[in-house]
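Peer 1: sequence and predicted structure are below.
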Amino acid sequence: MPLLWYALLGFFFAGYLVLAGYDYGVGLLLARRDTPAAHRARLTALGPFFLGNEVWLVAAVGILFGAFPTLEGELLSGHYPAVAGALVGVILVTAGVQLRSRPTGPAARRGGDRVIVAGSALAAFGWGALLAGLLQGLPIDATGHVTGQTHLATPFVAATGLALLTLAAAHGATFLTLRLPAADAPATARLARRLLVGALAAVATATALGLLSDRVRAATRQPLPAVLLVVALVGALLAARAALRRGRPGVALVATGAALALPVALVGVARWPAVLVSTVDPAATVTVTDAAASGPTLQLLGWLLPPLLPALLGFQAMCWWVFRGRTDGRAPVYW
Amino acid sequence: MDTLLLARLQFATTTSIHFLFVAVTLGLVTLLVGLQTTWALTGDPKWERLTRFWGQLYVINYVLGIASGIVMEFQFGLNWSGLSRYVGNVFGAPLAIETLVAFFLESTFLGMWIFGWQRLRRGVHLALLWGVALTAYASAFWIMVANAWLQHPVGYRVDDGVAHLTDIGALLTNPTLGMALGHVIAASLLTGGMLMASVSAWHLIRRTADVALHRTALRIGLVTAALSVSLVQGFGFAQFGPVGELQPTKFDTGPTADARIAEWTTRFGPGDYTPPALSNVGLGFMILIGFTLGCVWLLLPLLWRDLVIRLRFPLWLVLLALPLPFVAVILGWLAREVGRQPWAAYGLLPTDQAVSRVDPGLMLASLIGFSLLLGALAVTNWTLLARHAARGAVDPALGRPPGTPDDDRSRPVPALA
Ligand code: HDD
Ligand code: HEM
Ligand code: HEM
């Protein structure tokens, strides 16, 4: 039972990174100096999906609280700066995208774009830092609490944050290649391929720093699957680049999406069966079973799943289906 | 400054901001369902225009509901890790159900509703709005289940110092839930109704375009406000029964309260088990506001032959009364939550054990950061709401046919502005 919920937690958080990842990627691309029309086209491309993407995070945290209450407290408060930073980012993007076009003045809209850029960068970086923080373990003491936040200040954390940021940017550009009018596709595809090179470099740096860090090495319980997952991540990025060159943006988007989901799988698998590794007291390490809610709570939530999960995914799929295809002059404009 | 005080201040600030917006969400979505359903049934374009105008305001308001809601959700883990550790098995379940059953679907539906105006069939589009409304009510229900449990923990067993769920039925029939939920929903309807009436009153005072449209909205708003203010009063007084019995220390200092404090002193050691005096002050003002707003009933006879509009001063009264429901909801929550102190879960988990062991400096940074951020967003949001409300129903961006430029200057200027 705890395993199922752990997988589900991973599924929702990975789903969040994949879907909101392209929101943040598109958000980052608003930093480019383009015409107002180009910015409008990018936001219109996000259009109907935006609200349904960010809510995967809300669901993931709901599962975290319901199914892993002990984990929630230490995980979030143990990575306070990373989580709070990401949260500020999420809020800025949420408010920025939705409010950006409500004022009509060009200056106000440019201001809105800047808010979106800053928020996207903070959110992507913050979640990357959180994942890295989990991989390198925390100073959990014998009472089960984490004290201090300096454990987060390592090169590995910074590199992983940057890696997630570049991944999001590449993912966003790939999304736009698939979604903007066909005439814009070649230019965005070129941009996406350049960004993919950057992402590859950032992932390589983060991996190298991770391999060099004794904390990461000590926290890793399953080295082989971990390495395989990193290889898969690099493979996904290369595949995305190849697909873009061959004019297959759909395939490329699946590949960049996988590249955003794989870090979550990596964090889940590398430390299995631990979920929070203590760097100071091996006995204080928390495993999945320790962290899970007690039987009756999981049972109650378990009753909900069979009817609920198909409904949740079904309505999301309905949204993708209804608004599929490239945007054109007939696409509804709102953001 | 200690971490506990800062964490409490942060919770108080962010929830209050959250509630100011979600009360409007809950109230307006109900009215919108009415408007769009009427449009679907009658086919009269007037109802479409009303739906688009009020839908636009609703969607702008929604932004802050989401932004502050996300902060709320994370705050439990960031600042109140003791809460999740000791009572998370019980308290977490309704919150998890809320996020999955309510928020996930609500946002998905709303996204499709905003962008679906010309894309979807009328029936599907209307069904989406019904979905948004039902899930919004579901979220209010589950969050109140969670809150009611903190007010009066039931259906659990303590093993090894951690609470475990034994009976979800007890959570759903919690005596502190029913009347409070009714009161909160009625208060939201009252807020939504007053907002609709006030904005329409402003347009009628200024004699802007679309008199017929705003007249209809004024009538809907006033009738909604009148019906819900009676419900607010009813559910409000009905709360005193269970609260007085189950939380004797909340509003009075009689012998029952003393007995309870003596019991806690033996169980948890000596300490101050009375809530801060602050909680009672707000309650009186809220009740006063409740009776003041009850006077909307006096305006209803004036709907006859549009006397409300022709006499004009009632319009001013409605406009000036707009802040009252917002003040009242905050005061009400202060009474409920501060009155529960010093307990995070009443009689079970003291607040000082619920707070995270975070450095006070970090907590202060977080308090200032999130308060400024949400505060700034709230002000921006209200400014935009006011501007869009003032712009009137001529051509809201929501539901505008595709292909129309979104540049404002190309739009017709209202004739009587
Ligand atoms: C428009 C807003 C509004 C208005 C006019 C009123 N209330 Fe209220 N009240 C709320 C909005 C509200 C609220 C914000 O929704 C609260 C906070 C928690 C809750 O359950 O509802 C609340 C709480 C609350 C509580 C505290 C419950 C607790 O501590 O558990 C009581 C006893 C009342 N109310 C009673 C009343 C009475 C007797 C009113 C007037 C006749 C009244 N309220 C008007
Ligand atoms: C949206 C309306 C709400 C408002 C305005 C509100 C207001 C407040 C205030 C003012 C405090 C601080 C009390 C003090 O420290 O003296 C507080 C604390 C708290 N409230 Fe609420 N509250 C709301 C709803 C809820 C709900 C629905 C829940 C539960 C699901 C909840 C859970 C808590 C918790 C956990 C604390 C912190 C612990 C404590 O100080 O008791 N609140 N709230
Ligand atoms: C009585 C108190 C509350 C009520 C009635 C309420 C109601 C709502 C409603 C109707 C929404 C939908 C969005 C919107 O309306 O703008 C919402 C959003 C949200 N609320 Fe609350 N809420 C309350 C308190 C809380 C608390 C204490 C939490 C913390 C756990 C919370 C967490 C959230 C979250 C995470 C969202 C965002 C959902 C999304 O992304 O769509 N709410 N709330």
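Peer 2: Sure, I can see it. Residues are numbered from 1 along each chain as shown, chains lettered A, B, ... in the order given. Ligands and ions are numbered 1, 2, ... in the order given.
Peer 1: drop to CA atoms for contacts and neighbour counts, all remaining ones
Peer 2: Noted.
Peer 1: in the chain, which residue sits furthest out from the middle?
Peer 2: I went with chain A, as the question did not name one. Outermost residue of chain A with respect to the C-alpha centroid, by C-alpha atoms, centre = their mean, is A:Gly105; its distance is 32.5 Å.
Peer 1: that's the wrong chain, I wanted chain B
Peer 2: Ranking residues of chain B by C-alpha distance from their mean position (C-alpha atoms, centre = their mean) puts B:Thr266 at the top, at 38.5 Å.
Peer 1: excluding sequence neighbours, find me the nearest residue to the residue in the stretch 151-300 of chain B positioned nearest to chain A.
Peer 2: In the stretch 151-300 of chain B, the residue that lies nearest chain A is B:Leu165 (6.1 Å; C-alpha to the nearest C-alpha). Nearest non-adjacent residue to B:Leu165, counting by C-alpha to C-alpha, 6 or more residues apart in numbering or on different chains: B:Tyr156, 4.5 Å away.
Peer 1: can you get me a residue count around that neighbour?
Peer 2: For B:Tyr156, the number of neighbouring residues by other C-alpha atoms under 10 Å in any protein chain shown comes to 19.
Peer 1: still on that earlier bit, so the residue farthest from the centre of chain B, which state does it fall into?
Peer 2: Under the three-state scheme (DSSP: H, G, I helix; E, B strand; the rest coil), the conformation of B:Thr266 reads as helix.
Peer 1: tell me the pLDDT at the residue farthest from the centre of chain A?
Peer 2: Residue-level confidence at A:Gly105 comes out at 83, pLDDT.
Peer 1: name the residues of chain B found near ligand 3, please.
Peer 2: Taking C-alpha under 6 Å from any ligand atom as the contact definition, chain B meets ligand 3 at B:22, B:25-26, B:62, B:65-66, B:69-70, B:72-73, B:103, B:107, B:136, B:139-140, B:143-144.
Peer 1: so where do the helices sit in the stretch 251-400 of chain B?
Peer 2: Per DSSP state H, counting those that start in this stretch, the stretch 251-400 of chain B has helices spanning B:255-268, B:278-293, B:296-299, B:307-311, B:313-320, B:323-338, B:351-354, B:360-391. These are given in chain order.
Peer 1: and the residue of the stretch 51-200 of chain B closest to ligand 2?
Peer 2: B:Asn147 (3.8 Å; C-alpha to the nearest ligand atom).
Peer 1: where's that residue relative to B:Asn174, distance?
Peer 2: Distance of B:Asn147 to B:Asn174, computed by C-alpha to C-alpha, to the nearest Å: 10 Å.
Peer 1: do A:Ala123 as well
Peer 2: Distance check for A:Ala123 against B:Asn174: by C-alpha to C-alpha, it reads 39 Å.
Peer 1: can you check A:Gly250 too?
Peer 2: As defined by C-alpha to C-alpha, A:Gly250 lies at a distance of 51 Å from B:Asn174.
Peer 1: again, but for A:Thr289
Peer 2: A:Thr289 sits 30 Å away from B:Asn174, going by C-alpha to C-alpha.
Peer 1: try B:Val308
Peer 2: Using C-alpha to C-alpha, we find B:Val308 at a distance of 43 Å from B:Asn174.
Peer 1: those two: which has the busier surroundings?
Peer 2: Remark: of B:Val308 and B:Asn174, B:Val308 carries more neighbours, 22 against 19, as counted by other C-alpha under 10 Å.
Peer 1: how deep is the closest residue to the more buried one other than its chain neighbours tucked in, by neighbour count?
Peer 2: Counting by C-alpha to C-alpha, 6+ apart, B:Leu302 is the residue found nearest to B:Val308 once chain neighbours are left out, at 5.1 Å. If you count neighbours by other C-alpha under 10 Å, B:Leu302 ends up with 15.
Peer 1: was I right about B:Leu302 contacting B:Phe313?
Peer 2: No: between B:Leu302 and B:Phe313 there is no contact under C-alpha atoms under 8 Å: 11.5 Å.
Peer 1: contact residues of the stretch 101-250 of chain B facing chain A?
Peer 2: Counting by C-alpha under 8 Å from any C-alpha of the partner chain, the residues of the stretch 101-250 of chain B close to chain A are B:101, B:103-105, B:107-112, B:114-116, B:118, B:164-166.
Peer 1: run the last query once more with 10 Å
Peer 2: Those residues of the stretch 101-250 of chain B that sit near chain A, judged by C-alpha under 10 Å from any C-alpha of the partner chain, are B:101-120, B:162-168.
Peer 1: contact partners for residue 18?
Peer 2: Just going to use chain A. A:12, A:53, A:56, A:168, A:171-172, A:253-254, A:256-262 (C-alpha atoms under 10 Å, 6 or more residues apart in numbering or on different chains).
Peer 1: ah, I was thinking of chain B
Peer 2: Taking C-alpha under 10 Å, 6+ apart as the contact definition, B:His18 lies against B:Ala12, B:Leu64, B:Gly65, B:Ile66, B:Ala67, B:Ser68, B:Gly69, B:Ile70, B:Val71, B:Met72, B:Leu374, B:Ala378.
Peer 1: run the last query once more with 6 Å
Peer 2: Each residue near B:His18 by C-alpha atoms under 6 Å, 6 or more residues apart in numbering or on different chains is listed here: B:Gly65, B:Ser68.
Peer 1: and the helix or strand containing it, how far out from the chain middle?
Peer 2: Secondary structure from DSSP states H and E places B:His18 in helix B:3-42. In this view, helix B:3-42 has its centroid 4 Å away from the chain centroid, taken as C-alpha atoms, centre = their mean, to the nearest Å.
Peer 1: so residue 148, which of the three states?
Peer 2: In the absence of a named chain, chain A is used. Counting by three-state DSSP, the backbone at A:Gly148 sits in coil.
Peer 1: actually chain B
Peer 2: At B:Ala148, secondary structure determined by three-state DSSP is helix.
Peer 1: quick one: it and B:Thr176 touch, right?
Peer 2: Yes: judged on C-alpha atoms under 6 Å, B:Ala148 makes contact with B:Thr176 at a distance of 5.4 Å.
Peer 1: okay, now the unreliable bits of chain B?
Peer 2: B:1, B:403-417 (pLDDT under 70).
Peer 1: can you name the next helix or strand after whichever strand or helix holds A:Thr207?
Peer 2: Element membership for A:Thr207 (DSSP H and E) is helix A:185-212. Reading on from helix A:185-212 to the C-terminus, the next helix or strand found by DSSP H and E is helix A:214-219.
Peer 1: tell me the helix or strand right after that next one.
Peer 2: Stepping forward along the backbone from helix A:214-219, the first helix or strand reached (DSSP H and E) is helix A:223-245.
Peer 1: count of residues packed around the residue in the stretch 151-300 of chain A positioned nearest to ligand 2?
Peer 2: Taking C-alpha to the nearest ligand atom as the measure, the point where the stretch 151-300 of chain A comes nearest ligand 2 is A:Thr297, at 16.9 Å. For A:Thr297, the count of nearby residues is 24 (other C-alpha under 10 Å).
Peer 1: buried ones in the helix or strand harbouring it?
Peer 2: Under DSSP H and E, the secondary-structure element containing A:Thr297 is helix A:295-322. Buried residues in helix A:295-322, counting neighbours by 16 or more other C-alpha atoms under 10 Å in any protein chain shown, are found at A:Pro296, A:Thr297, A:Leu298, A:Leu301, A:Leu312, A:Phe315, A:Gln316, A:Cys319.
Peer 1: any idea how far A:Pro69 is from the third one?
Peer 2: When C-alpha to C-alpha is the yardstick, A:Leu298 and A:Pro69 sit 11 Å from each other.
Peer 1: need the residues touching each of the two.
Peer 2: If you check A:Leu298 and A:Pro69 against C-alpha under 6 Å, 6+ apart, no residue is contacted by both.
Peer 1: brilliant, that's me finished.
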